[in-house]
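Colleague: mind folding the following:
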Amino acid sequence: MLVNKYRKWKDVLILSRKLDRKDDNRKKWGAYNVKVGVLVGIFTLIGGTWTFSESLSNLFFPEKITEKVTSYDNSVYQFQNAERINPNKERSNQETLHYLVSENQTFIKNDSNKNILINKGVLLIEDFEELKHTEIVLQQGLYKEYLELYFINNGNLESEPLTFQLDMTFSKQQQGVLKEENIDSERMQTLINEEKIKKSEFAGGQIKRMYHINTSGELKKFFRENPNYTSVNFKLREKKSGNEFNVYSIYYLKEQDKFVYGGFGGVAPNEQYNVIELDLDNMEREQEIPNVNMQVPAHSSVGIKTLLVPKKSIRLTYKINYYFEGNKVEYGDLVSTEIYVPLYNIRSNLYGELFDKLCQYSITNYTYEETTKMQNSIKYDYKYVYKLFEENR
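Modeller: A predicted model of the protein is given here:
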């Protein structure tokens, strides 16, 4: 019996010690939780104080955003989609003469802690005048077995007397190698019934057919009889200025017994722009640019592109002011540009609506606005620029 009592007391003692240990652990963890809670509270108080201090600073000493939003790197460019259809792009690049439209790009720098929205642009015109110039361009194509070469003064100023020289070569396969063979003036006259040298001058807007090359007579006969010959190549230049005009080679297809052109490239991609139209006859010195809407995130820069689209050729000095929340972005110096606007709607120097009309009415010499019906179908319309956007989206 004594043994049983001893065992019971021993179990009670062991249980008591276990409970004491659990109680000690609870006290330790409780003290730890208190320390953690105090630390959390301290950091929360610090964070809250900092946020509150920042709010007070912004309230009593607000950030001067207008001083931290500026513009820089203001530049003018040739709009690429218009450049690719410029018949005289080499000359325009040399003279920095923009074709159809001028692209203005301004970078807005936002050094503030706030995102801003540029929602207004104003064009301020310092000075402008109509640009007088001569622009001789080539329009070409095959029509009823004739290679037609038209020269057009697409400018508004009369040209000097011009002398054109057309040289011709053949391409032929010889022992697996493509070689070029020169054609002298006498042989050229026999093959295509045209002279090498032509002289003329052009009033503003005047169109003349300078070369009317017959591909169905002696030329085709020669290619039928000489199957190793593949194409006819041309070099055309104005002798005084040295300007060269790109005349495409024509290729003989033996199976179809006719001459054709080779393949050509595609078009360039398009972007989004703000657009403002310029009417020289009713020019306003201050004009708001439609649909300006550009986000500029905090501590970043964004470029804003605006296209200037005149109805006539123009020399222009201007600046553009941009606004956010009624505040004007500080702007730099005035910029100047020259924009060449053609009299006729020419998309390239190969085929096109103008070429079709000239051939359809068998025109050899056309004076600007000579025929109302003809003029309305071929004259340049400034809204054509918008088609460039739509066609290349």
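Colleague: assess the claim that Ile118 and Tyr322 are in contact.
Modeller: Yes. Checked against CB atoms under 8 Å, the pair Ile118 and Tyr322 is within contact range at 5.1 Å. C-beta: built from backbone N, CA, C; applies to glycine.
Colleague: okay, and the common contacts of the two?
Modeller: When contacts are counted by CB atoms under 8 Å, 6 or more residues apart in numbering, Ile118 and Tyr322 have 108, 292, 304, 329 as shared neighbours.
Colleague: just list the residues touching the last one, thanks.
Modeller: By CB under 8 Å, 6+ apart, the contact set of Val329 is 69-71, 108, 118, 321-323.
Colleague: same check, this time on Ser377
Modeller: Contacts of Ser377 (CB under 8 Å, 6+ apart): 353, 357.
Colleague: what's around Ser336, how many residues?
Modeller: 12 (other CB atoms under 10 Å).
Colleague: secondary structure element for it?
Modeller: Element membership for Ser336, per DSSP states H and E: strand 335-340.
Colleague: check Gly155 too.
Modeller: Using DSSP H and E, Gly155 sits in no helix or strand.
Colleague: which ones are touching the spatially closest residue to it that is not a sequence neighbour?
Modeller: Among residues not flanking Gly155 along the chain, Glu135 sits closest, at 3.7 Å (CB to CB, 6 or more residues apart in numbering). With contact taken as CB under 8 Å, 6+ apart, Glu135 is in contact with 88, 153-155, 340, 342.
Colleague: what about 10 Å?
Modeller: Residues near Glu135 by CB atoms under 10 Å, 6 or more residues apart in numbering: 87-88, 91-92, 97, 99, 152-157, 159, 202, 204, 313, 340-343.
Colleague: Tyr344 versus that one, what's the distance?
Modeller: To Tyr344, Glu135 is 10 Å away according to CB to CB, to the nearest Å.
Colleague: shared neighbours of these two, anything?
Modeller: Joint contacts of Glu135 and Tyr344 (CB under 10 Å, 6+ apart) are 152-154.
Colleague: which secondary structure element contains the nearest residue to Tyr252 once chain neighbours are set aside?
Modeller: Sequence neighbours aside, Phe223 is the residue nearest to Tyr252 in space, at 4.3 Å (criterion: CB to CB, 6+ apart). Using DSSP H and E, the element containing Phe223 is helix 218-225.
Colleague: state the pair within the contacts of Val329 that is farthest apart.
Modeller: Within the contacts of Val329, two members stand farthest from each other by CB to CB: Thr70 and Tyr323, at 13.3 Å.
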